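Asks: return atomic coordinates for the entry below.
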Amino acid sequence: MGPWPLLGLAIVSEVIGTTALRASTSASGSSRNLWYLVVIGGYLASFWLLAQVLKRLELGIAYAVWSGVGTAVMALIGIAIFGEGVSAVKFGCIALIIGGVVGLNLSSAHI
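Replies: Reported below is the predicted structural model:
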């Protein structure tokens, strides 16, 4: 599998882990422990996949895409699933994150 699909899987794994971490805050007892297992599994998978990606992509590009896309997706999940606040500033900042990731990718297109 190429580095970009692996990076996509790393992002999905990180998003699953972070969403589970947020969900664990409202859980109790054994259900909280199950959420923690999802958090640990999601983060372990994400970091392992990111390590595989770094063997084939530049660190700056891979990390920017991983963290930037993950941040933007988590902001949208926070709004859609957890009822977090919505504002034009929040959406503008998400657009800036995405623009930065695209810009970094374009800057290394010559490679």
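Asks: so for this protein, the centremost residue is which one?
Replies: Centroid check for the chain by Cα atoms, centre = their mean gives Gly70 as the closest residue, at 2.2 Å.
Asks: tell me what the host helix or strand of that one is packed against?
Replies: If you go by DSSP states H and E, Gly70 is part of helix 59-80. Other elements packing on helix 59-80 under the criterion 3 or more Cβ pairs under 8 Å, 6 or more residues apart in numbering; DSSP states H and E are helix 3-24, helix 29-53, helix 88-107. From N, CA and C alone the C-beta is placed, and that goes for glycine too.
Asks: thinking again about what came up before, how far away is the residue nearest to the centre of the chain from Asn33?
Replies: Distance from Gly70 to Asn33, counting by Cβ to Cβ, to the nearest Å: 24 Å.
Asks: how about Lys55, secondary structure?
Replies: coil (DSSP: H, G, I helix; E, B strand; the rest coil).
Asks: measure Gly99 to Ala72 for me?
Replies: Counting by Cβ to Cβ, the gap from Gly99 to Ala72 is 10 Å.
Asks: neighbour count: those two, which is higher?
Replies: Ala72 (18 against 11; other Cβ atoms under 10 Å).
Asks: close enough to count as contact, that one and Ile98?
Replies: Yes. If you go by Cβ atoms under 8 Å, Ala72 and Ile98 touch, sitting 5.8 Å apart.
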